[in-house]
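> Model the following, please.
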Amino acid sequence: MTTRPRTPGPNTPAPGKLPLTELAELKARRQPLVMVTAYDAPGGRLADAAGADLILVGDSAAMVVLGHDSTVPATMDEMIVLTRAVTRGARRPLVVADMPFGSFQVSDEEAIRNAVRFLKEAGADAVKVEGAGPTLSRVQALVGAGVPVMAHIGLTPQSATMLGGFKAQGRTAAKARKLVDDALALEAAGAFALVLEAVPAPVAKRITELLEIPTIGIGAGVDCDGQVLVMHDMLGLSDWTPSFVKNYAAVGVTVAQAARRFAEEVRERKFPDPEHSYR
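Numbers count the residues shown, from 1 in each chain. Okay, the predicted model is just below:
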């Protein structure tokens, strides 16, 4: 009797891809997780080659690559295109698509519909949603529908105006306690990981100790289970970066220098030269 090959389901990892269930095991072994935020196929390929465990296709693309002043203008269609590009470049890392503002706030049904688009149309492995409180029902609904969810608390850029701007969160005892409660609630709702952004290091450490799921920090200290940086910030391609971001290269300077050399050679008729022309 012959058996038919098993058809992969929507949450079945591709060959060689890091299983989502392994993230909690890596936390238990105290092996730090590496997540990179990327927005295109070259970014996905380079993050993969660097050994990243996860790639976030962030709605920060609205600011970093689309020129907006906040993340709010990012649309579902734009995020689908960017996520699809990243998944073409990445093989091993889990690709997490950021659900943009307005894509999950209205209702559980709309949140599921948009999240399913990320999995079916863009090839994402999971989605990320910001906030707790009302977002808890969204997380439960998405997980119930078979969509893996990464949660995000602390500084949540989509609601930065309500938080008083791009400022650190949880800096008083009461606000720190609220972050701890939110983290525990999101884990109970089914989130597989939690991003902590702009949270005091002692608060992030306590949350990390209390949770069984891994925490991914950005501006949240060294005791989180993993860290994430935007590739453009890492490479020095951004005009402005927060104080907690480290530039690992000055690629922006190199690009500007190369562009100036090109402009000079064109104006001096040095390019194209015989070597770069067809005979």
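> all contacts plus neighbour counts: C-alpha atoms, from now on.
Fine.
> What about D181, how many residues nearby?
13 (other CA atoms under 10 Å).
> Let me know the next secondary structure element after the helix or strand hosting it.
If you go by DSSP states H and E, D181 is part of helix 173-189. Per DSSP H and E, helix 173-189 leads on to strand 193-197 as the next helix or strand towards the C-terminus.
> Give the pairing partners of that following strand; include direction for each.
strand 149-154 (parallel), strand 215-218 (parallel) (DSSP bridges).
> Rebuild those strands as JSON lines, extending it with mean neighbour count and distance to G252.
Formatted as JSON lines, the strands paired with strand 193-197 follow (neighbours: other CA atoms under 10 Å; distance: least, CA to CA, whole Å):
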{"stretch": "strand 149-154", "mean neighbour count": "26", "distance to G252": "29"}
{"stretch": "strand 215-218", "mean neighbour count": "27", "distance to G252": "22"}
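> Could you dump those strands into JSON lines with distance to S277 and mean pLDDT added?
Compiled in JSON lines, the strands paired with strand 193-197 are given as follows (distance: least, CA to CA, whole Å; pLDDT from 0 to 100):
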{"stretch": "strand 149-154", "distance to S277": "51", "mean pLDDT": "98"}
{"stretch": "strand 215-218", "distance to S277": "48", "mean pLDDT": "98"}
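> do you know which of these lies nearest L26?
Of all those, strand 215-218 sits nearest to L26, with 11.4 Å by CA to CA.
> And that closest one, how far out from the chain middle?
Relative to its parent chain, strand 215-218 has a centroid offset of 11 Å by CA atoms, centre = their mean, to the nearest Å.
> how's this structure carved up into domains?
The chain breaks down into these domains under automatic domain parsing: 22-248, 250-279.
> most packed of those domains?
Across the domains of the chain, averaging neighbours per residue (mean count of other CA atoms under 10 Å) puts domain 22-248 on top, at a mean of 20.
> Give me the pLDDT for L18.
Looking at L18, its pLDDT reads 87.
> actually R113, not the one I typed
pLDDT for R113: 98.
> between the strands paired with strand 193-197, which gets nearest to A47?
Per CA to CA, nearest to A47 of the strands paired with strand 193-197: strand 215-218, 16.4 Å.
> Run through who's touching the closest one.
Strand 215-218 is contacted by residues 33, 35, 193-198, 204, 208, 224-229, 244 when judged by CA atoms under 8 Å, 6 or more residues apart in numbering.
> Over the following helix or strand past that strand, what's the mean pLDDT, rounded is fine.
Using DSSP H and E, the helix or strand that follows strand 215-218 towards the C-terminus is strand 226-230. Across strand 226-230, pLDDT averages out at 98.
> List of residues touching strand 226-230?
Taking contacts as CA under 8 Å, 6+ apart, the residues outside strand 226-230 that touch it are 32-38, 214-218, 245.
> Can you add distance to G89 and give the strands paired with strand 193-197 back as TSV?
TSV is the format used below for the strands paired with strand 193-197 (distance: least, CA to CA, whole Å):
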stretch	distance to G89
strand 149-154	21
strand 215-218	23
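> what pLDDT does Q158 get?
Here, the pLDDT recorded for Q158 equals 89.
> Could you list the low-pLDDT ranges of the stretch 51-200 of the chain?
160-167 (pLDDT under 70).
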